[in-house]
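Asks: next come a sequence and a model predicted from it.
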Amino acid sequence: MAYEHILVEKKGRVGLITLNRPKALNALCTPLIDELGLALDDFESNSDIGAIVLTGSEKAFAAGADIKEMSERDFIDVYSNDFITDDWERVAKCRKPVIAAVAGYALGGGCEMAMMCDFIIAGENAKFGQPEITIGTIPGAGGTQRLTRAVGKAKAMEMCLTGRIMDAEEAERAGLVSRIVAVEELLNDALETAEKIAKLSQPVVMMAKESVNKAFESSLAEGVMFERRVFHSTFALEDRKEGMAAFAEKRQPNFQNK
Ligand SMILES: CC(C)=CC(=O)SCCNC(=O)CCNC(=O)[C@H](O)C(C)(C)COP(=O)(O)OP(=O)(O)OC[C@H]1O[C@@H](n2cnc3c(N)ncnc32)[C@H](O)[C@@H]1OP(=O)(O)O
């Protein structure tokens, strides 16, 4: 499949998607979102792929939704067509792990897209923000919700009300990103991290992902019970038996994804 706005590659057991609209700082236009959905569909249906990395350029992960594309739209159009559509949420709905490798600007929809991933590894020059308020609108792809859950009300409110941009160090301190690495090491680091995940038991990885995500949608008691039942279900897998046997026999496990 030929893509115009993204680059799609397989790196071992990892699917790599690079946002590729350099002249527009990877602004997320509709065709790009469509292509991203198709690439994710492909990687999800490919059993050789165990994890996905989503990245941009050194200057920009993505500078937001495409403002020029949005500027002529009116209320009845965006409301009737439910812009921003579920297509934008495709990343969040991916059952395989998705790591965002973010260098440069991750603003507006770019920040929202990064937050839809399972975790963010940031380059030292990463900048996160929800500046929609400065162009007369508000975040529309989950920013007010995911940012608040990630960094708490005070920082999220300040960022959404003023458009203030957070640098990588502040983002790490606030819990928005898991780690900061040098920009030139960012992609390799993300790919190595993804490869590590891809080598594990894929059904167990999915269960772990579902269980962590449950924390955002349930009470503590419900979440703990969900986790326990999923934990119990790992005992139905050959991979669980193999993992524990390999530990006892002091060897590397050989997972079969079943
Ligand atoms: C998801 C929802 C509901 C909403 C949104 O995401 S709204 C968008 C939120 N994002 C922003 O408001 C950021 C907009 N961009 C900027 O403020 C600046 O571009 C910058 C601070 C990220 C970088 O500034 P810099 O001076 O280094 O670069 P520019 O000359 O401004 O940009 C280069 C090139 O890219 C085009 N560009 C940048 N961002 C967008 C965008 N979000 N949509 C469309 N186009 C964008 C910019 O116009 C310029 O292209 P031209 O020279 O051809 O105009």
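Replies: Done, it's in.
Asks: residue of the stretch 151-258 of the chain closest to the ligand, please.
Replies: For the stretch 151-258 of the chain and the ligand, the shortest gap (C-beta to the nearest ligand atom) falls at residue 163, measuring 7.7 Å. Backbone N, C-alpha and C define where each C-beta goes, glycine included.
Asks: contacts only, for the closest residue to that residue other than its chain neighbours.
Replies: Once its chain neighbours are removed from consideration, residue 163 has its nearest residue in residue 131; the separation is 3.7 Å (C-beta to C-beta, 6 or more residues apart in numbering). For residue 131, the contact set (C-beta atoms under 8 Å, 6 or more residues apart in numbering) comprises 64, 107-108, 163, 165.
Asks: please identify which of the residues you listed is nearest to residue 192.
Replies: Nearest to residue 192 out of the contacts of residue 131 is residue 107 (C-beta to C-beta; 27.1 Å).
Asks: how many residues are close by that closest one?
Replies: Residue 107 is flanked by 25 other residues according to other C-beta atoms under 10 Å.
Asks: these two touch, right, it and residue 126?
Replies: No. Counting by C-beta atoms under 8 Å, residue 107 does not reach residue 126; the two are 10.8 Å apart.
Asks: distance check, the closest residue to residue 176 other than its chain neighbours against the ligand.
Replies: When the adjacent residues along the chain are set aside, residue 176 lies closest to residue 150, with 4.8 Å between them (C-beta to C-beta, 6+ apart). For residue 150, the distance to the ligand equals 17 Å [C-beta to the nearest ligand atom, to the nearest Å].
Asks: within the helices and strands, which one has residue 150?
Replies: With elements delineated by DSSP states H and E, residue 150 resides in helix 143-151, which encompasses its position.
Asks: show residues contacting that helix.
Replies: Surrounding helix 143-151, the residues in contact under the criterion C-beta under 8 Å, 6+ apart are 108, 111-112, 115-116, 130, 132, 138-139, 155-157, 159-160, 166, 171, 174-176, 216.
Asks: now residue 117. Nearest residue, chain neighbours left out?
Replies: residue 100 (3.8 Å).
Asks: confirm that that neighbour sits in a strand.
Replies: Yes. Following the definition DSSP: H, G, I helix; E, B strand; the rest coil, residue 100 is counted among the residues of a strand.
Asks: residue contacts, residue 222?
Replies: Residues residue 214 are the ones in contact with residue 222 under the rule C-beta under 8 Å, 6+ apart.
Asks: which helix or strand contains it?
Replies: Mapping residue 222 onto the secondary structure by DSSP H and E places it in helix 220-234.
Asks: residue 96 too?
Replies: With elements delineated by DSSP H and E, residue 96 resides in a region that no helix or strand encompasses.
Asks: got the phi/psi numbers for it?
Replies: For residue 96, the backbone dihedrals are phi -80, psi 150 (criterion: degrees, to the nearest 10).
Asks: same check on residue 237?
Replies: Taking degrees, to the nearest 10 as the convention, residue 237 sits at phi -100, psi 140.
Asks: hmm, it is touching residue 205, no?
Replies: No. Counting by C-beta under 8 Å, residue 237 sits too far from residue 205 to count as a contact (11.6 Å).
Asks: more neighbours, these two?
Replies: In terms of neighbours (other C-beta under 10 Å), residue 205 is the more surrounded of residue 237 and residue 205; the figures are 21 against 18.
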